[in-house]
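# return atomic coordinates for the entry below.
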Amino acid sequence: MFAVKQYEFGSPDTLRPESVPDPVPGADQVLIDVEAAGVHLVDTSMRSGDEGKLPWGKPTLPLIPGREVAGTIAAVGRDVDPAMVGSRVVTHLGFAHGGYASRAVREAAALHEIGPDLDSVTAVAMIGTGRTAVSLLHSVPLSERDGVIVTAAAGGLGNLLVQAAKRSGAFVIGLAGGKEKTELVDQAGADLAIDYRQDDWARTVRDKTQGRQLTTLFDGVGGTIAREAFHLLSPGGRAGIFGWSSGTVLDLHTTDIVDSGVTLIPAIGPHTVAQAGGLRALETEALRCAREGYWTPLVTSFPLSDADKAHEALENRATTGKVVLRP
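Numbers count the residues shown, from 1 in each chain. I've put the predicted structure just below:
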């Protein structure tokens, strides 16, 4: 099969397309013909070996990166119903790897079947990114009384949050970098699409929201942008943290929290796993949201052979939405 392998830590060019033997499904596993593989920002940290961004430490090399796949079951291992062959499925590979390939294996119990009403690219956008959005919205429920700020609003997760916030009836401000991205934020339904590359963007928000309560921040950028957005919140607001693409998490002092009365909610890591029903329930709900048209994920696709280009573009913030590889 065709796959992308990594033999050393470093820049995107350490990702090497090559031909490798097909994986063999073991007991309780299936073999999937991959139609779409998800790329996550954490993949770039694993590739570079940046332990500061990897709570579980560096992976063991060599490996085939990638932890999200969708496709068709090609074969089954022992103790798996042969009738599953031919079913279209999506799955998150957990702490395993192997997604950047034309074939992957996974335990049958971890699969979600997808019917003809859900394409593989949409499904793979939901299985990890979508489930995080669901988790965050469970922790920070929205209504028409809310004023919501979403950073990284043209990213895979941020764009879903803009859509959800607007559907709740909230007033939505989406922050993104550059004209092309703010146009996509506007198309997602934001009431205000603001370019945070403009030096006076926070003043623009204040000028256009005078008298309106800004109750909620969803932050995936961190750094200075997140701190400025935090200080736009009304007293007693909420801040849900889902990432820090700037390289630095939102940095606050205890006095910032005490003075503002803002509640901080981490939306990734242990908080997500601890939710009722666990990750599988979150995945199921995310897939349902896509199937029913509640969410339409924004996606940037690359050929599998261009995984290095996908990583480079993601790190340079040159992508919009969820990044997906197509074998």
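# going forward, measure contacts between C-alpha atoms and count neighbours the same way
Fine.
# contacts for the helix or strand harbouring V162?
Counting by DSSP states H and E, the secondary-structure element that holds V162 is helix 156-167. Taking contacts as CA atoms under 8 Å, 6 or more residues apart in numbering, the residues outside helix 156-167 that touch it are 125, 129-130, 132-133, 142-143, 148, 150-153, 171-172, 174, 185, 188-190, 218, 220, 294-299, 320-323.
# now, these that are in strands?
When the contacts of helix 156-167 are checked against strands using DSSP state E, the ones located there are V148, V150, F171, V172, G174, F218, V299, K322, V323.
# just the helices in the stretch 51-200 of the chain please.
In the stretch 51-200 of the chain, the helices defined using DSSP state H, counting those that start in this stretch lie at 120-125, 131-139, 156-167, 179-187.
# let's have the ones you listed in CSV, adding mean pLDDT and distance to G86.
Output for those, formatted as CSV (pLDDT from 0 to 100; distance: least, CA to CA, whole Å):
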stretch, mean pLDDT, distance to G86
helix 120-125, 97, 14
helix 131-139, 93, 25
helix 156-167, 97, 29
helix 179-187, 97, 36
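# where is the longest strand in this structure?
Longest strand in the chain, counting by DSSP E: strand 29-39.
# buried subset of the contacts of helix 156-167 as a PyMOL selection?
The buried residues among those can be selected in PyMOL (16 or more other CA atoms under 10 Å) with this line:
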select buried, resi 125+129+130+132+133+142+148+150+151+152+153+171+172+174+185+188+189+190+218+220+295+296+297+298+299+320+321+322+323
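# list the contacts of D22.
Shown here is D22, whose contacts under the criterion CA under 8 Å, 6+ apart are M1, R103.
# which of the three states applies to it?
coil (DSSP: H, G, I helix; E, B strand; the rest coil).
# where does this protein have low pLDDT?
For the chain, the stretches with pLDDT under 70 are 52-53, 55, 268-277.
# which parts of the top helix by length along it are buried?
Longest among the helix segments of the chain by residue count, using DSSP state H, is helix 278-291. For helix 278-291, the buried set under the neighbour-count rule, 16+ other CA under 10 Å, comprises L279, R280, L282, E283, T284, E285, A286, L287, R288, C289, A290, R291.
# mind exporting the C-alpha coordinates of that helix to CSV?
Written as CSV, here are the backbone C-alpha positions of helix 278-291 (Å, rounded to 0.1, in the frame of the first residue of the first chain):
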residue,chain,number,x,y,z
GLY,A,278,-17.0,9.4,27.0
LEU,A,279,-15.5,10.1,23.6
ARG,A,280,-17.7,7.7,21.7
ALA,A,281,-20.8,9.6,22.7
LEU,A,282,-19.2,12.9,21.6
GLU,A,283,-18.3,11.3,18.2
THR,A,284,-21.8,10.0,17.7
GLU,A,285,-23.3,13.4,18.4
ALA,A,286,-20.8,15.2,16.1
LEU,A,287,-21.6,12.8,13.2
ARG,A,288,-25.3,13.3,13.8
CYS,A,289,-24.9,17.1,13.7
ALA,A,290,-23.2,16.7,10.2
ARG,A,291,-25.7,14.2,9.0
